[in-house]
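> all I have is the shape, not the residue letters:
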């Protein structure tokens, strides 16, 4: 029997034009610290996207990662969503991850060295 968390979320078809509106870029985590006011454990991340600058992100990634293991790690993030206020913190980008078998977030990262700000296509 399949784990309910791993059952595909079947969404309606997406056109290429719609997909191309989502701007996903590579950044490197400069700092990570616990987000004290968050209801669920999370980190406040500062991520350098090269030519796009440094952006902030709130990420519930505390199960598999510590602040020390995050600094210097390249990640993928959606950079063109509007900022959201989370626990008094302004999250400017959505850091991307996928759930492991228990539902804990595993970050999406490039497997080779790529430039900061490189766009997913």
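Yep, it's here. Because the structure is predicted, anything quoted here is derived from the model rather than measured.

> what does stretch 27-45 contact?
46-50, 52, 54-62, 65, 67, 70-77, 86-89, 93, 95, 116-117 (CB atoms under 8 Å, 6 or more residues apart in numbering). For every residue, glycine as well, the C-beta is placed using N, CA and C.

> list the buried residues of that stretch.
27-29, 32, 35, 38, 42-45 (16 or more other CB atoms under 10 Å).

> among those residues, which are in strands?
Among the buried residues of stretch 27-45, the residues falling in strands (DSSP state E) are 27-29, 32, 43-45.

> biggest separation within those residues, which pair?
28 and 44 (15.8 Å; CB to CB).

> related to what we said a few turns ago, got JSON lines for the ones in strands among the buried residues of stretch 27-45, with distance to residue 21 and pLDDT too?
Output for these, formatted as JSON lines (distance: CB to CB, whole Å; pLDDT from 0 to 100):
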{"residue": "27", "distance to residue 21": "19", "pLDDT": "98"}
{"residue": "28", "distance to residue 21": "25", "pLDDT": "98"}
{"residue": "29", "distance to residue 21": "25", "pLDDT": "98"}
{"residue": "32", "distance to residue 21": "29", "pLDDT": "98"}
{"residue": "43", "distance to residue 21": "28", "pLDDT": "98"}
{"residue": "44", "distance to residue 21": "27", "pLDDT": "97"}
{"residue": "45", "distance to residue 21": "24", "pLDDT": "98"}
